[in-house]
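> Sequence first, predicted model second:
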Amino acid sequence: MTQTSVDRTAVLPDPSGGPTPYLSPVALVERIVAHIAAGTTDLGPRTGRVPVADYTDPARLAAELEMLRRVPVPFCTSAALTEPGSFVARDAAGVPLLAVRGRAGQVRVFRNACRHRSTALVEGAGCARSFVCPFHGWVYGLDGALSHVPDAYGFDGVELVDRGLAPVPCHERAGLVFVQQEGEADFSSVEQVPGLTDRHVLVETERIAVEGNWKVLTEGFLEGYHIRQTHKNTFFPMGYDNLTVLEHSGRHSRVTFPFRRVEMLGETPPEQWHLGKALTIVDHIFPNAIIARLTAHSAFVVVEPVSQTSSMLVISKIALPAEDGSIPEAVHRDISFVETGLLEDRAMAEGVQRGFAARTEDVVFGRYEFALTQLHEGLAAELEPQRPKNCAL
């Protein structure tokens with residue numbers, strides 16, 4: 001495989017309406033068709049390698065969790081917070097958080113812990129007028145303020161007015177809610193991250209426990225080298241093996257996987273293209289989130305570390321509704337098909353994690369797996385900014 005040169009100045013419109021630094025649809029399709037004709041694929045500038053310990057060492061995981069609390073990361077979709085009082089509660093980087101839309105429409109994020117004895121207030125997602133601690137009944141408003149304490153006279157000497165829910169800096173843009181748990185809040189690095197539109201609706205949310213390091217799961221979304229072998233009866237019959245377009249913006253990446261029907265686009269003018277039927281576009285939002293733009297729906301995935309050898313996939317399935325507000329049947333078919341491929345990827349990730357116990361040498365990435373190299377170089381820069389990157393040859 002050889003590397004193809006292409007103009008990288010064109011932009012692909014963000015589904016939310018703003019520009020992104022990625023290729024225009026025409027340039028993207030031209031690049032793919034050229035690869036098909038030449039039997040090539042995009043190549044990064046170098047191979048990469050990381051030590052196996054980066055996937056198995058508890059100390060490394062502790063440093064990564066600290067990093068995940070220090071940098072802006074996506075927490076949930078705006079589509080999950082459609083009305084005042086709607087909320088999402090889950091752990092992020094090991095910390096229970098609660099996102100809620102207030103009465104004036106503003107999204108706020110709090111630490112999901114009562115300021116009395118630290119009991120989690122809610123679990124999962126729903127809609128509420130206020131949050132009542134299930135332990136002793138302390139009540140908090142949607143703005144996090146403490147509004148009621150049963151038998152408050154017993155807390156003499158305690159400034160209850162100061163014991164509202166602890167806020168976490170957050171930023172809503174392009175259909176996503178970002179959080180930064182620690183450090184001085186700075187969301188500039190995600191200002192051009194491609195997102196979703198305000199027309200997308202949440203179809204369902206799924207949480208899947210996987211016995212694999214969070215980086216192994218993230219890597220599986222970012223390369224097409226495994227398509228023929230892992231997805232021989234699902235994705236491969238309609239796609240290509242090891243044919244992707246790789247693009248990068250800062251520490252974020254976009255990987256495009258073409259279907260064989262992309263070759264038919266040349267028969268129609270670009271304004272009539274339905275790219276979802278010809279491409280799967282995967283946006284990697286550094287460090288641990290993915291938007292997979294599929295034929296009839298998109299999947300927003302956060303890969304949450306649980307331990308050095310286990311993770312939780314939090315998957316929000318998003319789609320555009322029909323004119324009557326219903327979810328088209330094509331969306332459900334699309335979701336079902338993709339879930340089959342996800343099971344195959346999950347099995348491979350768990351096999352990789354088991355295999356780490358049998359080896360001591362480094363893990364290596366080919367040049368067509370450069371999005372993986374970029375992920376690890378970004379992590380190295382965040383974790384060890386004064387030391388050489390540990391994954392470049």
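Nice, I can see it. Just so it is clear, the structure is predicted and the values come from calculations on it, not from any experiment.
> And the helices in the chain?
Using DSSP state H, the helices assigned to the chain run over residues 25-38, 53-56, 58-70, 214-220, 227-230, 329-355, 370-383.
> Mind checking those for the one nearest to residue 181?
Among these, helix 58-70 comes nearest to residue 181, with 4.0 Å by C-beta to C-beta. Yep, even glycine has a C-beta here, placed from its N, CA and C like the rest.
> Go through that closest one and flag the buried ones.
By neighbour count with 16 or more other C-beta atoms under 10 Å, helix 58-70 contains the buried residues 60-61, 64-65, 67-69.
> How many residues are close by the closest residue to residue 361 other than its chain neighbours?
Once flanking residues are discounted, residue 361 sits nearest to residue 52: 7.3 Å by C-beta to C-beta, 6 or more residues apart in numbering. As a burial measure, residue 52 scores 16 neighbours (other C-beta atoms under 10 Å).
> got the contact list for residue 52?
356, 359-363 (C-beta atoms under 8 Å, 6 or more residues apart in numbering).
> Neighbour-wise, which one of those leads?
residue 363 (21 neighbours).
> and the gap between that one and residue 343?
23 Å (C-beta to C-beta, to the nearest Å).
> And for residue 144?
Distance from residue 144 to residue 343, by C-beta to C-beta: 39 Å.
> So between those two, which is more surrounded?
Using other C-beta under 10 Å, the more surrounded residue of residue 144 and residue 343 is residue 144, with 20 against 12.
> quick one: the more buried one and residue 164 touch, right?
Yes. Between residue 144 and residue 164 a contact is recorded at 4.7 Å, counting by C-beta atoms under 8 Å.
> contacting residues for residue 141?
130-131, 147.
> and if we set it to 10 Å?
If you count contacts by C-beta atoms under 10 Å, 6 or more residues apart in numbering, residue 141 has them with 100, 102-103, 129-131, 147-148, 164-165.
> what's the answer for residue 118, then?
With C-beta under 10 Å, 6+ apart, residue 118 has these contacts: 96, 111-112, 133, 135.
> Show me just the buried residues among these.
Neighbour counting with 16+ other C-beta under 10 Å marks 96, 111-112, 133 as buried within these.
> Where strands are concerned, which of the residues you listed count?
Among the buried ones among the contacts of residue 118, the members found in strands (DSSP state E) are 96, 111.
> Give me whichever of the helices of the chain is most buried.
With neighbours defined as mean count of other C-beta atoms under 10 Å, the helices of the chain peak in mean count at helix 214-220, which reaches a mean of 24.
> Adding distance to residue 36 and pLDDT, write the buried residues of helix 58-70 out as a markdown table.
Shown next, in a markdown table, are those (distance: C-beta to C-beta, whole Å; pLDDT from 0 to 100):
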| residue | distance to residue 36 | pLDDT |
| --- | --- | --- |
| 60 | 40 | 97 |
| 61 | 41 | 97 |
| 64 | 38 | 98 |
| 65 | 42 | 98 |
| 67 | 39 | 98 |
| 68 | 38 | 98 |
| 69 | 43 | 98 |
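> of those, closest to residue 219?
Ranked by distance to residue 219 (C-beta to C-beta), the buried residues of helix 58-70 are led by residue 64 at 14.3 Å.
> Check what pLDDT the residue nearest to the closest one when sequence neighbours are not counted gets.
Among residues not flanking residue 64 along the chain, residue 305 sits closest, at 6.5 Å (C-beta to C-beta, 6+ apart). We have a pLDDT of 98 for residue 305.
> Domain map for this protein?
25-58+196-383, 74-186 (automatic domain parsing).
> Could you pull up the mean pLDDT of the last one?
The reference is to domain 74-186. 97.
> again, but for stretch 232-247
For stretch 232-247, mean pLDDT is 94.
> Now do the buried residues in that stretch.
Those would be 234-236, 239-240, 242-247, for stretch 232-247 by 16+ other C-beta under 10 Å.
> Check the spatially most central residue of the chain and give its pLDDT.
Residue closest to the mean C-alpha point of the chain, counted by C-alpha atoms, centre = their mean, is residue 289 at 1.8 Å. Note on residue 289: pLDDT of 98.
> List the residues that contact the residue nearest to it when sequence neighbours are not counted.
Excluding the flanking residues, the one nearest residue 289 by C-beta to C-beta, 6+ apart is residue 74, at 4.3 Å. With contact set as C-beta under 10 Å, 6+ apart, residue 74 has these partners: 92, 171, 175-179, 190, 193, 195, 285, 288-291, 300-302, 316.
> Could you rerun that using 6 Å?
176, 178, 285, 289 (C-beta atoms under 6 Å, 6 or more residues apart in numbering).
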